[in-house]
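*Asks:* I would like to see how this sequence folds:
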Amino acid sequence: MQIEIRVAGERFAATVDDTPAGRDLLAQLPQTIEMTDHGGVEKTGRLQAPLSLYGQPDGADPDVGDLGYYAPGNDLVLYYGDQSYYTGIVILGRLDETAPSRLAVMAGDITANVTATDAS
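*Replies:* Numbers count the residues shown, from 1 in each chain. Sure thing, here's the model as predicted:
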């Protein structure tokens, strides 16, 4: 399952895992998400509706390039730096390999337009 994330003229692709949370994300796209930079490692922004946590662990230690969900804030998360384990993080999939370095040079907050490109 593929999505496209557009930010300030840049396009990123991401692969979303076929999980209840991933399917919930695809079901609520397209949407525009105002994202805040946190600690120079991630961009986070509130989704329109919560994602399923069925079958997910209590938390995760995301890698650079992961696409995530922070359940307590109902936030989609783009990881472009190293983040440690947090309760409530769900790994949804992976950003394309160039996305982390391109996100890293986008200082501050961003607006992301997220669309599904492949529902299979």
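*Asks:* average pLDDT for the longest helix seen in the chain?
*Replies:* In the chain, with assignment by DSSP state H, the single longest helix is helix 20-27. The average pLDDT within helix 20-27 is 96.
*Asks:* same question, stretch 104-115
*Replies:* Taken as a whole, stretch 104-115 has a mean pLDDT of 95.
*Asks:* start to end distance for that stretch?
*Replies:* 21 Å (CA to CA, to the nearest Å).
*Asks:* give the buried residues for that stretch.
*Replies:* Using 16 or more other CB atoms under 10 Å as the test for burial, stretch 104-115 gives 106, 110, 112, 114. (Glycine included, C-beta is placed from N, CA and C.)
*Asks:* stretch 84-103 now?
*Replies:* Applying a neighbour-count criterion of 16+ other CB under 10 Å, one finds 88-96, 99-100, 102-103 buried in stretch 84-103.
*Asks:* quick check: the farthest pair among these?
*Replies:* Taking CB to CB as the measure, those span a maximum distance of 26.4 Å, between 88 and 102.
*Asks:* quick revisit: among the buried residues of stretch 104-115, which lie within strands?
*Replies:* Using DSSP state E, the subset of the buried residues of stretch 104-115 located in strands is 110, 112, 114.
*Asks:* and the angle for the host helix or strand of residue 90 with helix 20-27?
*Replies:* Using DSSP states H and E, residue 90 sits within strand 89-95. For strand 89-95 against helix 20-27, the angle by axes from the mean of the first three to the mean of the last three CA atoms, to 10 degrees is 60 degrees.
*Asks:* average pLDDT across strand 89-95?
*Replies:* 97.
*Asks:* you'd agree residue 3 is in a helix?
*Replies:* No - using DSSP: H, G, I helix; E, B strand; the rest coil, the assignment for residue 3 is strand, not a helix.
*Asks:* tell me who's in contact with the residue found closest to it once you drop the neighbours it is linked to in the chain.
*Replies:* The shortest distance from residue 3 to any non-neighbouring residue, by CB to CB, 6 or more residues apart in numbering, is to residue 14 (5.1 Å). By CB atoms under 8 Å, 6 or more residues apart in numbering, the residues touching residue 14 are 2-5, 67, 93-96, 99.
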